[in-house]
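A.B. asks: Model the structure of this input:
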Amino acid sequence: MKHHLAALAGSLALAGCTKGCGSSEIAIPDTPEGTVTTVAHQLSRNRPRVVWDALPNSWQSDVKGLLRTARDSYDRDLYTKGLKVSQKVVKVLESQRELIFGLLDDPSLAPMLKDPVTKDRAKLGQAYDLSVHMMKTLVRSDLATHRGLKEADVGAFLADEGATLMQDLRSLAALYAADAEEMSGFERSLQSLGNLRAERVSGDAQSATVRVTAQGRPKELGPEELELTRVEGRWVPAEMDEDWQSTMDQARTSLARVESLTESDKQKVLQALESVDAGLSALLEASTPEAFKQAAMGMSASLGARIMAMPQILR
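C.D. replies: Predicted coordinates for the structure are as follows:
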């Protein structure tokens, strides 16, 4: 199976139930075919926590360690200001929705609104609301705070906020399934997970080949075979096991680059965030689409100059 690590990263970043549903640990079978079936079926029910519970203990520790490292690497002032700005963006999008949609009558936007995804105003409004809700879910989560990065319960995050985000993504996919192939494909993939069946065809106590079949999978492709490896009592994709350590090393290297900011660089970033904050305040004060447009143009010009002054590493 391809892109195991990308799928895992997406689930951790996000991490048909409401907040609190499935917050307890999900039991993972000790067989390779049982593991594959359980993970697939739980994901089809919008329960991304299963990805976390299926990880070996040491892998969970690696992820927790990365979050602690991130917390120590990110300057508290920058992180706090960045969170404040992010929350303000959500406030603007929520409170100024009517003005933002009023801008759609601007002739300069006419070419963009001919796209199948944007020309239907009703759908666009629903997509807008879902997108804002996803942003709001993220900026209000424990992981959004500097302290929360160190004390985060990844399993609980995926069970609560992760499930909410997954449901919103599916709603977006359903909304545009007829207009965008990638949207319909996303929903079909999740639905097929609910029908997935796994059968062990070979292997021993430490490795196994599992044949996977699911309704909706093109017949010409035939069944898919997954190579799994047993790590600390958990069955994981063999390719994922091979790449895990290098992926963790790359993540730590990236965090080390953030930690290298000088005081001068920090001040430049803070000034850019202050510029955004001031621009957002102007957007909140706007009372007409034209006033909103002028405030947005002013913020863009000011921010552009600030960004050019920022350290190259953060551009």
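
A.B. asks: Name the residues of stretch 199-212 that are buried.
C.D. replies: Going by neighbour count (16 or more other C-beta atoms under 10 Å), the buried part of stretch 199-212 is 203, 208, 210, 211, 212. C-beta coordinates here come from the backbone N, C-alpha and C atoms, glycine included.

A.B. asks: Tell me which helix or strand in this structure has the weakest average pLDDT.
C.D. replies: Ranking every helix and strand in the chain by mean pLDDT, DSSP states H and E puts helix 4-14 at the bottom, with a mean of 43.

A.B. asks: next structured bit after that one?
C.D. replies: Heading C-terminal from helix 4-14, the first helix or strand you meet, by DSSP states H and E, is helix 32-44.

A.B. asks: just the strands in the chain please.
C.D. replies: Remark: strands assigned in the chain by DSSP state E are 197-203, 207-213, 224-231, 234-237.

A.B. asks: Quick one, which of the ones you listed gets closest to residue 100.
C.D. replies: Nearest to residue 100, of all the strands of the chain, is strand 234-237, at 42.7 Å by C-beta to C-beta.

A.B. asks: List of residues touching the closest one?
C.D. replies: 1, 4, 28, 30-32, 35-36, 54-56, 59, 208, 226-229 (C-beta atoms under 8 Å, 6 or more residues apart in numbering).

A.B. asks: Apart from its chain neighbours, what residue comes closest to residue 79?
C.D. replies: residue 146 (4.5 Å; C-beta to C-beta, 6 or more residues apart in numbering).

A.B. asks: What's the separation between the one you found and residue 125?
C.D. replies: For residue 146, the distance to residue 125 (C-beta to C-beta, to the nearest Å) stands at 34 Å.

A.B. asks: ok, the two, which is more surrounded?
C.D. replies: residue 146 (18 against 12; other C-beta atoms under 10 Å).

A.B. asks: if I read this right, residue 145 contacts residue 83, doesn't it?
C.D. replies: Yes. In this structure, residue 145 is within contact of residue 83 by C-beta atoms under 8 Å, at 6.7 Å.

A.B. asks: Show me what stretch 126-142 is in contact with.
C.D. replies: Stretch 126-142 has contacts (C-beta under 8 Å, 6+ apart) with 83, 86-87, 89-90, 93-94, 97, 100-101, 117, 144, 148, 151-153, 157, 161, 164-165, 168-169, 171-172, 175-176.

A.B. asks: Sweet, I'm off.
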